[in-house]
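Enquirer: Next one to model:
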Amino acid sequence: MNITLWIAQGILAAAFIMAGSMKTFQYEKVKSGMPWAKDSSKGMVNFIGLSELLGGLGLIIPYATGIAPILTPIAAIALGFIMVLAAVVHAKRNENSGIGMNIIFLAILLFVAIGRW
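Expert: Coordinates of the predicted model:
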C-alpha cells in the first residue's frame, strides 16, 4: 500500500507542480491555451497556480522528510477542494472535457488523503 501511495503522490505532485508553475509564471501561455483563463484576472490565475504549486510540493515534502507529515493529507484535501471548484467552473462554462480529469484527480487525491491520514 505504501508503494501505491507514493506512486499516486508522485504522479499528482508532478501534475500539480507543472500546472501550477505554468499558471504562476507563464500567464500569457495559460491565457492562450485555457479558455477559462481568458475570463479570469491575472491575479486569480496566479493565485490558483501558486496554490497548485505549493499543494504539489505538500504532497511529497512533509511525508518524505518526516517533518510535519500530517501536512501531506491536508495538502491532498486542499487540492481536492481545488478540483471540486475547478469542476464547477468547467460545468458552468460547458467545458465538459475538463470535468473528467478533475474527477480523476479528486479520486486519487482522496485515496492519498485517506491513505496518509
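
Enquirer: Mind listing what's buried along the helix or strand of the chain with the lowest mean pLDDT?
Expert: Of all helical and strand segments in the chain, the minimum by mean pLDDT, DSSP states H and E falls on helix 35-38, at a mean of 82. By neighbour count on 16 or more other C-beta atoms under 10 Å, the buried set for helix 35-38 is 36-37. From N, CA and C alone the C-beta is placed, and that goes for glycine too.

Enquirer: What are the buried residues along the helix or strand following that helix?
Expert: Where DSSP states H and E defines the elements, the next helix or strand beyond helix 35-38 is helix 42-65. In terms of neighbour count (16+ other C-beta under 10 Å), helix 42-65 has its buried residues at 45-46, 48-49, 51-63.

Enquirer: contacting residues around helix 42-65?
Expert: Defining contact as C-beta atoms under 8 Å, 6 or more residues apart in numbering, one finds that helix 42-65 is touched by 9-10, 12-17, 19-25, 27, 30-31, 37, 67-72, 74-76, 78-79, 82, 112, 116.

Enquirer: CA atoms of it as PDB?
Expert: Extracted C-alpha coordinates of helix 42-65, given in PDB (Å, rounded to 0.1, in the frame of the first residue of the first chain):
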ATOM      1  CA  LYS A  42      -4.100  37.600 -13.900                       C
ATOM      2  CA  GLY A  43      -4.100  37.700 -10.100                       C
ATOM      3  CA  MET A  44      -6.700  34.900  -9.900                       C
ATOM      4  CA  VAL A  45      -4.800  32.600 -12.300                       C
ATOM      5  CA  ASN A  46      -1.600  33.300 -10.400                       C
ATOM      6  CA  PHE A  47      -3.300  32.500  -7.100                       C
ATOM      7  CA  ILE A  48      -4.600  29.200  -8.500                       C
ATOM      8  CA  GLY A  49      -1.200  28.400  -9.900                       C
ATOM      9  CA  LEU A  50       0.600  29.100  -6.600                       C
ATOM     10  CA  SER A  51      -1.900  27.100  -4.700                       C
ATOM     11  CA  GLU A  52      -1.400  24.100  -7.000                       C
ATOM     12  CA  LEU A  53       2.400  24.500  -6.900                       C
ATOM     13  CA  LEU A  54       2.500  24.600  -3.100                       C
ATOM     14  CA  GLY A  55       0.000  21.800  -2.800                       C
ATOM     15  CA  GLY A  56       2.000  19.600  -5.200                       C
ATOM     16  CA  LEU A  57       5.100  20.200  -3.000                       C
ATOM     17  CA  GLY A  58       3.000  19.500   0.100                       C
ATOM     18  CA  LEU A  59       2.100  16.100  -1.300                       C
ATOM     19  CA  ILE A  60       5.700  15.000  -1.200                       C
ATOM     20  CA  ILE A  61       8.000  17.000   1.100                       C
ATOM     21  CA  PRO A  62       6.300  16.700   4.500                       C
ATOM     22  CA  TYR A  63       5.900  12.900   4.400                       C
ATOM     23  CA  ALA A  64       9.300  12.300   2.700                       C
ATOM     24  CA  THR A  65      11.200  14.300   5.300                       C
END
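
Enquirer: Nice, that's everything, thank you.
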